[in-house]
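# Model the following, please.
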Amino acid sequence: MRGRVRRALAAGLLAVGLAGCATFPDNGPREWQEQIEGAGELGGIPRVPESEDARTPPPRAEQSPQGGAPPAPQPCDDPDPAVVETCLDPVGAVAVLPDGVSALVAERITGRVLRVERGTDPVLVATVPVDATGGGGLTGLVLSPSYAEDRLVYAYATTGEDNRVVRIADGEPPEPVLTGIPRGAVHNGGALGVDVDGSLLVATGDAGGADPASLAGKLLRIDAFGRPATGNPDPASPVLSSGLTAPGGVCVNTATTAAWVTDRAATQDVLHLVVPGPLAAPAWSWPDRPGVAGCVAQLDVVAIAQTGAAALFILRTDPLTNAFTATETQLAGTYGRLSAAAPGPDGLIWLGTVNKDGGVPVPSDDRVLVLPPVASGGQSRA
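Below is the predicted model of the structure:
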């Protein structure tokens, strides 16, 4: 980040990711138990509070006593220094660029991929044809593991025929990489991540109860061409794990190699620590179903965007065992419904909102914002 926010956050940089394939230890189930609400460590960002009055457009300008009209309101101007971009359609995914000050943003319903940076107008990078019904659309976005050389981006998209992974190159139409993932009336959304060895992780919805033998309801692990990645349980299959319902995010801790996936299961929201084969009992669960979405995994933290609860939920972990040691709730009600989440190269956390999709949008919605990394420590779990 530039300016005073970058200087204040420089200490939050994380360790360089380890090489090799991810390992997936399993520490058994953990029951949900809410702990802390409030600003926590993220409260350090200078932010203009959002009042109830901000949720309605300003009144129509009237003549001033001197006879001149006041300046016209600018609804897309947001004074909050954490906000990078405003007046977007609901944000389906975010991928932060290597410079750390700009990002690619996927709009779920329009299929647009935009490059955003504070203080500049968004730039259209590509438009992916999508069918956003049944929770689908453009819901996943990651940079190629070799983005510095190839400038490629991968997206997860719902079409009228299927769900698929596509590759986006500058100036070219999106190219299919993996097609034929079943689509249905519901649970068409998916998410993308990058494993520590450069493989693509693809979380797919179950399309409302698709054939267990299909690619729906799975965590897939593929190479850049859509082929099964080396090290999958079945060398001929892209399936790494099975048992997902409506996944919202995939995140990999490059320091520990642990991979996590959020899911809105049949009776509760859950977080899985990924293991090859059928997914075991959730590592964490939320019976109250706050709407788990995108996630970011750092050295000793898993941060989870929550759409229904309009908050960022923090699970602190032991880096050696992946056992949970504390929880916090951040940003409750501050920016509304959070969905997309992605790490920056400097450890900052980028988030996207979906207030135009079932929420109460303010004039500057939907927005992309960037927050400091979650500090080490925190309140211990009861």
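
# okay, and for the stretch 1-150 of the chain, where does confidence drop off?
The model of the stretch 1-150 of the chain has pLDDT under 70 over residues 1-73.

# can you give me the helices in it?
For the stretch 1-150 of the chain, the helices defined by DSSP state H, counting those that start in this stretch occupy 3-9, 147-150.

# Determine the number of other residues adjacent to residue 222.
21 (other Cβ atoms under 10 Å). The way it works is simple: take the backbone N, C-alpha and C, and place the C-beta from them, glycine included.

# Pull up the gap between it and residue 256, please.
Residue 222 sits 23 Å away from residue 256, taking Cβ to Cβ, to the nearest Å as the criterion.

# got it, and residue 139?
26 Å.

# out of those two, which sits in the busier spot?
residue 139 (31 against 24).

# Next, work out how far apart residue 309 and residue 271 are.
14 Å.

# Counting by contacts, list what the one helix or strand residue 293 maps to packs against.
Using DSSP states H and E, residue 293 sits in strand 292-298. Secondary-structure packing of strand 292-298 (3 or more Cβ pairs under 8 Å, 6 or more residues apart in numbering; DSSP states H and E): strand 247-252, strand 259-264, strand 269-273, strand 301-306, strand 338-343, strand 349-353.

# Counting neighbours, what do you get for residue 121?
Residue 121, neighbours per other Cβ under 10 Å, totals 9.

# begin at 2 from here
From this message on, residue numbering opens at 2, which makes the last subject residue 122.

# what's the spacing between it and residue 303?
For residue 122 relative to residue 303 (Cβ to Cβ), the value is 34 Å.

# about what we covered before: need the helices and strands packed on strand 293-299 in JSON lines (columns: distance to residue 101, mean pLDDT and mean neighbour count).
Output for those, formatted as JSON lines (distance: least, Cβ to Cβ, whole Å; pLDDT from 0 to 100; neighbours: other Cβ atoms under 10 Å):
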{"stretch": "strand 248-253", "distance to residue 101": "18", "mean pLDDT": "98", "mean neighbour count": "27"}
{"stretch": "strand 260-265", "distance to residue 101": "23", "mean pLDDT": "98", "mean neighbour count": "26"}
{"stretch": "strand 270-274", "distance to residue 101": "27", "mean pLDDT": "98", "mean neighbour count": "25"}
{"stretch": "strand 302-307", "distance to residue 101": "17", "mean pLDDT": "98", "mean neighbour count": "26"}
{"stretch": "strand 339-344", "distance to residue 101": "10", "mean pLDDT": "98", "mean neighbour count": "27"}
{"stretch": "strand 350-354", "distance to residue 101": "10", "mean pLDDT": "98", "mean neighbour count": "27"}
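
# Dump those to a markdown table, plus distance to residue 316.
Output for those, formatted as a markdown table (distance: least, Cβ to Cβ, whole Å):
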| stretch | distance to residue 316 |
| --- | --- |
| strand 248-253 | 11 |
| strand 260-265 | 9 |
| strand 270-274 | 7 |
| strand 302-307 | 5 |
| strand 339-344 | 13 |
| strand 350-354 | 14 |
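
# for the closest residue in space to residue 288 that isn't next to it in sequence, phi and psi?
Leaving aside its chain neighbours, residue 288 sits nearest to residue 269 (4.9 Å; criterion: Cβ to Cβ, 6 or more residues apart in numbering). Main-chain dihedrals, residue 269, degrees, to the nearest 10: phi -160, psi 160.

# Tell me who's in contact with the nearest residue to residue 280 once chain neighbours are set aside.
Nearest non-adjacent residue to residue 280, counting by Cβ to Cβ, 6+ apart: residue 244, 4.1 Å away. By Cβ atoms under 8 Å, 6 or more residues apart in numbering, residue 244 lies in contact with 218, 279-280.

# again, 10 Å this time
With contacts defined as Cβ atoms under 10 Å, 6 or more residues apart in numbering, the neighbours of residue 244 are 207, 213, 218-220, 264, 266, 273, 278-281.

# quick one on the thing from earlier: tell me how many other residues surround the residue nearest to residue 288.
15.

# same deal with the one 10 residues further on?
For residue 279, the count of nearby residues is 8 (other Cβ under 10 Å).

# Likewise for residue 234?
Residue 234 is flanked by 13 other residues according to other Cβ under 10 Å.

# count of neighbours near the nearest residue to it once chain neighbours are set aside?
Counting by Cβ to Cβ, 6+ apart, residue 234 lies nearest to residue 277, which is 4.8 Å off, once chain neighbours are set aside. Neighbourhood size, residue 277 [other Cβ under 10 Å]: 17.

# Contact partners for residue 368?
With Cβ under 10 Å, 6+ apart, residue 368 has these contacts: 77, 79, 81, 83-89, 92, 117, 336-337, 352-354, 356, 362.

# Repeat that for residue 312.
By Cβ under 10 Å, 6+ apart, the neighbours of residue 312 are 38, 291-292, 305-306, 329-339.
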